[in-house]
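S.K.: Got a predicted structure plus its sequence, pasted below:
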Amino acid sequence: MSSALLAGLFTSPIHIGTDPASMLWMFPLLAAIAIIYKATKMRVLMWKRFIREVGILFVTLSGFMILAIVVLNLIAWLATT
């Protein structure tokens with residue numbers, strides 16, 4: 001891949017909407033963050049414990065992201081009415 005083509009990929013970003021269906025793209029990202037974070041923080045990887053801790057972190061991150069979405073949408077709605 002030429003460097004010009006690679007640079008061109010960063011100058012034309014992909015449009016991601018702000019509708020509820022587009023917000024579902026955050027869950028694979030949150031899953032990847034939880035897996036990588038726990039894999040680097042646990043000294044010994046025991047699969048049962050690792051899966052449980054990744055699940056807990058994923059649910060926690062998802063909950064805070066959903067709460068942030070609700071609060072920011074509420075603020076935007078109040079600011080525009």
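M.R.: On my side now, so go ahead. Residues are numbered from 1 along each chain as shown.

S.K.: switch to C-alpha atoms for all contacts and neighbour counts from now on
M.R.: Fine.

S.K.: CA atoms only for the helix or strand hosting residue 22, dumped as PDB, please.
M.R.: In this structure, residue 22 sits in helix 20-23 according to DSSP states H and E. The C-alpha coordinates for helix 20-23 follow below in PDB (Å, rounded to 0.1, in the frame of the first residue of the first chain):
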ATOM      1  CA  PRO A  20     -29.500   4.800  18.100                       C
ATOM      2  CA  ALA A  21     -28.500   2.100  15.600                       C
ATOM      3  CA  SER A  22     -25.100   3.800  15.100                       C
ATOM      4  CA  MET A  23     -24.500   3.900  18.900                       C
END
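
S.K.: List the buried residues of whichever helix or strand comes after it.
M.R.: As assigned by DSSP H and E, the chain's next helix or strand after helix 20-23 is helix 26-41. For helix 26-41, the buried set under the neighbour-count rule, 16 or more other Cα atoms under 10 Å, comprises 30, 31, 33, 34, 35, 38.

S.K.: Return the closest of these with respect to residue 64.
M.R.: Residue 64 lies nearest to residue 30 out of these, by Cα to Cα, at 11.0 Å.

S.K.: Setting the sequence-adjacent residues aside, check what's closest to the closest one.
M.R.: Among residues not flanking residue 30 along the chain, residue 58 sits closest, at 6.3 Å (Cα to Cα, 6 or more residues apart in numbering).

S.K.: relative to helix 26-41, how tilted is the helix or strand the one you found falls within?
M.R.: Using DSSP H and E, residue 58 sits in helix 47-80. Angle of helix 47-80 versus helix 26-41, following axes from the mean of the first three to the mean of the last three Cα atoms, to 10 degrees, is 140 degrees.

S.K.: helices and strands around helix 47-80, which ones?
M.R.: The contact analysis (3 or more Cα pairs under 8 Å, 6 or more residues apart in numbering; DSSP states H and E) places helix 47-80 against helix 26-41.

S.K.: Pull the residues that contact the helix it packs on.
M.R.: Helix 26-41 has contacts (Cα atoms under 8 Å, 6 or more residues apart in numbering) with 45, 50, 53, 54, 55, 57, 58, 61, 62.

S.K.: again, but for stretch 52-61
M.R.: Contact partners of stretch 52-61, identified using Cα under 8 Å, 6+ apart, comprise 30, 31, 34, 35, 38.
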